[in-house]
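Trainee: Give me coordinates for this.
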Amino acid sequence: MTNGYEAFQLFLGVGGLVLLALVALLLVVFIFALFFFASRRGGKKSSAGRLRLKKLNDKVDDHKDTVLSAVLSRKAYKTWTKAEEKKEKEHAKEREAKQEVRVFVVDFSGDLAATQVESLREQVSAVLEVARPQDEVVVRLESPGGVVHGYGLAASQLERVRARGVPLTVCVDKVAASGGYMMACIANRILAAPFAVIGSIGVVASLPNFNKVLRKLDVDYLELTAGEYKRTVGPLAEVTEKGKAKFLEHLEDTHALFKEFVSRHRPSLDVARVATGEHWFASRAL
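Mentor: Residues are numbered from 1 along each chain as shown. A predicted model of the protein is given here:
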C-alpha cells in the first residue's frame, strides 16, 4: 500500500522518465532529418546547373579606380584613366601573343554533409574544359570536415585537376580539418593563414544510446537483422562488446584509408607522427 503523496512521487518519476525518453527520441529523429534535408537541399541547388563567372582582376581594378577618383584631382584622374586604357590594350595584345597564365579560382565552403560537392564537381568540369597545363586552379577552401563518403567524393574532384596536369593550389583562411584536410592535401601547394586550423587526420563517430532508459520504462526494442554485423551499435538497441569491437574495427579501417590517402599525396610527410586526430594552427602545422 502507498499513500497519495508516494503515489504522486511515483507518477512524477515515471512521467519524467517517459518525457526524457521522448525528448531523446525526438533528438535522434531531428538529427537524421537534418542530414536528410541538408542532402536534399544540396541536390536542389546543384540541379539548377548555373555557372557564374567573375573576373577578379576587374574587382581589384574597380577598387583602385574608386580610391584614385577620390584622392586625385579631376584632371590628374582623367590623365591616369587614359593611360590605363592604353596600357590595358597593349597588355591584351601581349596576353594573346604569349598565352599568358590564367588562374581559375573556385570556392568550397563545406558542411558536415559535404552538400557543396555537386557544385564543386560542376565547377571543376567547366574549368577543365578550358584549362591548359600552364594555367592554375586555386581553391579557397573552408571546412571542418564531415561524412567520409561526402568528403571522399569532394577530394576526388580535386584529384581530377591534378590528373589533368594543371597546377592546384589550396588556400585556407580559417579551417581545413579532417575531411577538409583530405581535400587540401591533394594540392601542389597549401597556402594557409597563420592561425588557420589544419590537420585532424582522424575519424570519429558518436551517437546517444537510450537502451537503459527504455529498460527502466519496461519497453522492449526489437531490431531484427540478417547478417552477423548488419548492426553493430545503434541509438536504441543494447550495445554488446562484440558489436562495439566491430564498430571500432570499422573506424580503424577508415583511419587507415585516410592515412594512406594523405601519404599518397604528401609522401614527405611523417604520417605516423601527425595522424593522431590532433589539429594545429597553420604556423605550427608547417
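Trainee: Could you use CA atoms for every contact and neighbour count after this?
Mentor: Will do.
Trainee: all helices of this structure, in order?
Mentor: With DSSP state H as the criterion, the chain has helices at 4-47, 56-71, 74-98, 117-130, 148-163, 179-184, 211-216, 241-265, 271-274, 282-285.
Trainee: per-stretch mean pLDDT over these, give me the minimum one.
Mentor: Per-segment mean pLDDT for these reaches its minimum on helix 4-47, at a mean of 57.
Trainee: Look at the residue nearest to residue 173 when sequence neighbours are not counted and say how many residues are nearby.
Mentor: Nearest residue to residue 173, sequence neighbours excluded (CA to CA, 6 or more residues apart in numbering): residue 193, at 5.2 Å. By other CA atoms under 10 Å, 14 other residues sit near residue 193.
Trainee: got the contact list for the residue most central in space within the chain?
Mentor: Note on the chain: the residue nearest the mean C-alpha position is residue 110, at 3.2 Å, using CA atoms, centre = their mean. Counting by CA atoms under 8 Å, 6 or more residues apart in numbering, residue 110 touches 116, 141-145, 180.
Trainee: Show me which of those residues is closest to residue 87.
Mentor: Taking CA to CA as the measure, residue 87 lies nearest residue 141 of the contacts of residue 110, at 34.1 Å.
Trainee: now that closest one: how far from residue 71?
Mentor: 36 Å (CA to CA, to the nearest Å).
Trainee: Which one of these two is surrounded by more residues?
Mentor: Set side by side, residue 141 and residue 71 show more neighbours around residue 141, with 22 against 10, by other CA under 10 Å.
Trainee: ok, that one touching residue 107?
Mentor: Yes. Contact criterion CA atoms under 8 Å: residue 141 and residue 107 qualify, at 6.2 Å.
Trainee: joint contacts of the two?
Mentor: In contact with both residue 141 and residue 107: no residue, using CA under 8 Å, 6+ apart.
Trainee: Could I get the contacts of residue 110 in CSV, plus columns for distance to residue 91?
Mentor: CSV is the format used below for the contacts of residue 110 (distance: CA to CA, whole Å):
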residue, distance to residue 91
116, 36
141, 31
142, 34
143, 38
144, 41
145, 42
180, 38
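Trainee: Mind picking the two most distant members of these?
Mentor: Comparing all pairs in the contacts of residue 110 by CA to CA, the longest separation belongs to 116 and 144, at 13.6 Å.
Trainee: quick one: contacts for the residue nearest to residue 173?
Mentor: Neighbouring residues of residue 193 by CA under 8 Å, 6+ apart: 172-174, 282-283.
Trainee: can you rerun that using 7 Å?
Mentor: Shown in contact with residue 193 (CA atoms under 7 Å, 6 or more residues apart in numbering): 172-173, 282.
Trainee: now swap in residue 70 and tell me
Mentor: With CA under 7 Å, 6+ apart, residue 70 has no contacts at all.
Trainee: how near is it to residue 263?
Mentor: With the distance defined as CA to CA, residue 70 ends up 53 Å from residue 263.
Trainee: what do you get for residue 144?
Mentor: 20 Å.
Trainee: who's more crowded, these two?
Mentor: Counted by other CA under 10 Å, residue 144 and residue 263 do not tie: residue 144 has more neighbours, with 20 against 16.
Trainee: Need the pLDDT of the more buried one.
Mentor: Residue 144 carries a pLDDT score of 95 in this model.
Trainee: right, and it touches residue 181 too?
Mentor: No. Between residue 144 and residue 181 there is no contact under CA atoms under 7 Å: 8.4 Å.
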